[in-house]
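**Q** curious how this folds, go ahead:
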Amino acid sequence: MDWQNIARLRNPGFTLTRRGYDKHEVDKFLEQLVDWLETDAANDIGQVAVQRKLELVGKSTAHILMTTEQEAQELKRHTEGECTELRAEAEADAQQTRDDADTYSQEVRARAEAEARRTRDEATAEATETVEEGLRRRGQIDDEIRGLEAHRDEVLRDLERLRGTLGGTIDEHRPAPQSPNGEHTPDPAEPEPATDG
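**A** Got it, this is the predicted structure:
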């Protein structure tokens, strides 16, 4: 008897006749049942129990697998959400770092440009002051030179007058030349005395 037909014991499905079940079928079924109980019943019942346990384990495993799959999907969604959030935070931090670096760079550039302008302005002012001082000193030197030239010209004129005066004085006090016989001869440069006439 096939162990899978054990369910027929609950509902053997005998053919009904007018007087009840067919006696031949009932006898045959009972004979097969007895043979089965004497030979393969223990093994078949054990196999049925194992099969039912396997079916239960299969259902339990399927339930566990389905629950695990659901939990894995939920964990995956949760992890993806966290990754998206972390990525957004990292990108925001990176953008903030870039913005801070840009701001710092602009501040450093602005300070450097301001320092360069200040240095250039100071150098320009110093150069302008130096040029102005040079021009002022040159003007002073030119004025001194003009003053010295005027003083030189005045001294030269005074010397010229003095020479003329000295020349006349010297001529006046120069003794007259004497002739070989001791007489005074007139100096040709002296004017002749006026005569009445």
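**Q** centre of the chain to stretch 139-147, how far?
**A** Mean C-alpha position of stretch 139-147 versus that of the full chain (CA atoms, centre = their mean, to the nearest Å) differs by 60 Å.
**Q** now do the single longest helix found in the chain, average pLDDT.
**A** Across the chain, the longest stretch assigned as helix under DSSP state H is helix 41-173. Helix 41-173 carries an average pLDDT of 84.
**Q** elements contacting it?
**A** Judged by 3 or more CB pairs under 8 Å, 6 or more residues apart in numbering; DSSP states H and E, helix 41-173 is in contact with no other helix or strand. C-betas here are computed from N, CA, C, even on glycine.
**Q** when you give positions from now on, start the count at 887
**A** Shifting the count to begin at 887 puts that one at helix 927-1059.
**Q** roughly how far is that helix from the heart of the chain?
**A** Computed by CA atoms, centre = their mean, the chain-centroid distance of helix 927-1059 equals 8 Å.
**Q** with stretch 911-923 instead?
**A** Averaging C-alpha positions (CA atoms, centre = their mean) puts stretch 911-923 95 Å from its chain's average.
**Q** stretch 1050-1062 too?
**A** On CA atoms, centre = their mean, the centre of stretch 1050-1062 falls 99 Å from that of its chain.
**Q** and it, C-alpha only, in PDB?
**A** This file holds the C-alpha atoms of stretch 1050-1062, laid out as PDB (Å, rounded to 0.1, in the frame of the first residue of the first chain):
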ATOM      1  CA  GLY A1050      91.200 152.500 -14.200                       C
ATOM      2  CA  THR A1051      91.500 154.500 -11.000                       C
ATOM      3  CA  LEU A1052      94.700 152.900 -10.100                       C
ATOM      4  CA  GLY A1053      96.100 153.400 -13.600                       C
ATOM      5  CA  GLY A1054      95.300 157.100 -13.400                       C
ATOM      6  CA  THR A1055      96.800 157.400  -9.900                       C
ATOM      7  CA  ILE A1056      99.900 155.600 -10.900                       C
ATOM      8  CA  ASP A1057     100.300 157.800 -13.900                       C
ATOM      9  CA  GLU A1058      99.900 160.900 -11.800                       C
ATOM     10  CA  HIS A1059     102.600 159.800  -9.400                       C
ATOM     11  CA  ARG A1060     105.000 158.500 -11.900                       C
ATOM     12  CA  PRO A1061     108.200 160.700 -12.000                       C
ATOM     13  CA  ALA A1062     108.900 162.400 -15.300                       C
END
